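Peer 1: build me a model:
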Amino acid sequence: MVPADWVSLPARPATPLNAVAKRALLAVGLLALTAVIVYLGRDGYQDGAHPGQPLSVLAAIYYSAVTLSTTGYGDIVPVTDTARLVQTVLITPIRVVFLIVLVGTTLEVLTQRTRMHWRITRWRSKMAGHVIVIGFGSKGRAVVRTLSESGTPRESIVVIDSSAEAVAEANSGGLVAVTGDGTRRAVLEQAETQRASQVVIAVHRDDTAVLIALTARQLNPSVTIVAAVREWENQALLRQSGADHVVMSSDAAGQMLAISALRPAAGRVVADLLDHGSGLDLVERSPGEAEVGGAARDAAGTVIAVVREGQVLAPDHPAAARLASGDRLILISSRDRSPTTG
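Peer 2: The predicted structure is shown next:
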């Protein structure tokens with residue numbers, strides 16, 4: 001069973017120096033407040049070292065210090081009913097707060113753990129249909145950036161990485177993160193994979209990606225799994241392991257380099273399409289009611305492909321002459337001009 005504290009939520013942690021400074025200022029403030037209260041009622045106290053004389057400022061501070069710390073030497077005592085009432089009604093609550101400040105470090109740790117446990121429990125109860133990104137390296141960060149730019153809320157993205165530094169970076173970016181090995185079932189369960197809508201595998205090793213895909217598919221048979229693979233021969237194995245879509249990361253980079261070298265203008269267009277929001281964007285949508293039954297080339301926008309039952313069709317393909325309601329249109333546009341999106 002993976003401990004609950006392997007899940008880390010975005011937070012703004014306070015530095016130890018700031019925490020200590022705040023406690024010290026509060027303790028000094030409580031001591032000063034008590035000293036003022038005692039000094040104002042100085043006639044109601046008896047000082048064994050100076051009998052018959054009212055308390056001095058130093059004596060009031062001294063009495064406040066030994067009283068708040070519960071030392072209580074007994075050399076200064078309240079003797080009037082008013083002084084005793086003040087001790088009961090005012091000084092005693094201040095003493096309790098002062099003691100809490102003294103043991104504040106322990107209490108703060110307990111409070112933080114309780115609060116974090118409550119936040120994680122609340123997060124689990126609400127988390128469903130989210131996207132899990134496994135691996136927060138260069139590919140994983142690019143995935144998160146593109147998802148955010150495409151409108152996916154950051155609170156709907158969960159990162160899994162075995163590196164504490166990567167998890168801390170994800171948290172600082174406002175993401176929920178799970179520390180652990182993505183091949184382990186318990187780690188995937190901590191990320192609520194069983195209720196996720198997409199799993200993106202962006203790890204460095206192909207064998208690791210295969211194991212993650214197998215485990216994620218067992219946990220959630222209906223989840224969409226997208227994985228990056230480095231070697232071409234591992235593509236089929238990853239699909240057999242449960243991945244719905246496989247991206248050849250090394251081949252894609254090589255092809256992009258070749259296109260940019262041979263056809264620089266085409267390379268710039270492809271790079272622009274990959275850089276969401278900077279110019280040209282790829283848009284995916286369902287055909288509108290008025291477009292169903294018509295040709296793909298007549299649909300609103302610049303249609304470059306039609307996806308039908310997993311098959312990609314060119315807009316001039318004979319089968320694309322009549323759009324069906326279950327088709328998906330892939331368009332190039334600087335903004336979504338579709339009549340209906342989905």
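
Peer 1: stretch 324-331: which residues count as buried?
Peer 2: Buried positions in stretch 324-331, judged by neighbour count with 16 or more other Cβ atoms under 10 Å: 327, 329-331. Quick note: C-beta positions are derived from backbone N, CA and C, even for glycine.

Peer 1: save these as a markdown table, and put in distance to residue 156, secondary structure and pLDDT too.
Peer 2: Rendered in a markdown table, the data for the buried residues of stretch 324-331 read as follows (distance: Cβ to Cβ, whole Å; DSSP: H, G, I helix; E, B strand; the rest coil; pLDDT from 0 to 100):
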| residue | distance to residue 156 | secondary structure | pLDDT |
| --- | --- | --- | --- |
| 327 | 26 | coil | 89 |
| 329 | 25 | strand | 88 |
| 330 | 23 | strand | 86 |
| 331 | 24 | strand | 84 |
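
Peer 1: and the residue lying farthest from the centre of the chain, helix, strand or coil?
Peer 2: Distance from the C-alpha centroid of the chain, by Cα atoms, centre = their mean, peaks at residue 52 (65.4 Å). Here residue 52 is recorded as coil under DSSP: H, G, I helix; E, B strand; the rest coil.

Peer 1: ditto for residue 273
Peer 2: Going by three-state DSSP: residue 273 is helix.

Peer 1: check contacts around it.
Peer 2: Each residue near residue 273 by Cβ atoms under 8 Å, 6 or more residues apart in numbering is listed here: 280-282, 332.

Peer 1: go on, residue 298?
Peer 2: So residue 298 contacts residue 291 (Cβ under 8 Å, 6+ apart).

Peer 1: got it, and residue 132?
Peer 2: So residue 132 contacts 157-160, 188, 191, 193, 196, 198-200, 216 (Cβ under 8 Å, 6+ apart).

Peer 1: give me the subset of the residues you listed lying in helices.
Peer 2: Judged by DSSP state H, the subset of the contacts of residue 132 located in helices is 188, 216.

Peer 1: could you dump the contacts of residue 132 to CSV with distance to residue 263?
Peer 2: Converted to CSV, these look like this (distance: Cβ to Cβ, whole Å):
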residue, distance to residue 263
157, 35
158, 39
159, 36
160, 38
188, 42
191, 41
193, 41
196, 39
198, 33
199, 35
200, 30
216, 38
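
Peer 1: how far away is residue 65 from residue 38?
Peer 2: Residue 65 sits at a distance of 10 Å from residue 38 (criterion: Cβ to Cβ, to the nearest Å).

Peer 1: tell me which of the two has more neighbours.
Peer 2: residue 38 (27 against 14; other Cβ atoms under 10 Å).

Peer 1: now the more buried one: closest residue in space, sequence neighbours ignored.
Peer 2: residue 60 (4.5 Å; Cβ to Cβ, 6 or more residues apart in numbering).

Peer 1: ok, that neighbour - how many residues close by?
Peer 2: For residue 60, using other Cβ under 10 Å, the count is 23.

Peer 1: one more: residue 136?
Peer 2: 25.

Peer 1: equivalent analysis for residue 116, please.
Peer 2: 16.

Peer 1: same thing with residue 138?
Peer 2: For residue 138, using other Cβ under 10 Å, the count is 10.

Peer 1: grab the longest helix from the protein for me.
Peer 2: Under DSSP H, the chain gives helix 16-40 as its longest helix.

Peer 1: show me what that one is packed against.
Peer 2: Counting contacts by 3 or more Cβ pairs under 8 Å, 6 or more residues apart in numbering; DSSP states H and E, helix 16-40 packs against helix 57-68, helix 92-102, helix 104-126.

Peer 1: related to what we said a few turns ago, buried members of the contacts of residue 273 into ChimeraX, please.
Peer 2: To isolate the buried ones among these in ChimeraX, judged by 16+ other Cβ under 10 Å, type:
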select :280,281,332
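
Peer 1: can you list the weak-confidence ranges in the stretch 201-342 of the chain?
Peer 2: Residues of the stretch 201-342 of the chain meeting the criterion pLDDT under 70: 250-253, 256, 274-279, 334-342.

Peer 1: counting neighbours, what do you get for residue 313?
Peer 2: Residue 313 has 16 nearby residues by other Cβ under 10 Å.

Peer 1: shouldn't it be in contact with residue 297?
Peer 2: No: contact between residue 313 and residue 297 fails when scored by Cβ atoms under 8 Å: they sit 11.7 Å apart.

Peer 1: show me whatever sits in contact with both of the two.
Peer 2: Common neighbours of residue 313 and residue 297 (Cβ under 8 Å, 6+ apart) are residue 320.

Peer 1: ok, residue 210 touching residue 238?
Peer 2: Yes: here residue 210 reaches residue 238: they are 5.6 Å apart, a contact under Cβ under 8 Å.

Peer 1: okay, and residue 266 sits in which element?
Peer 2: Per DSSP states H and E, residue 266 falls inside helix 264-274.
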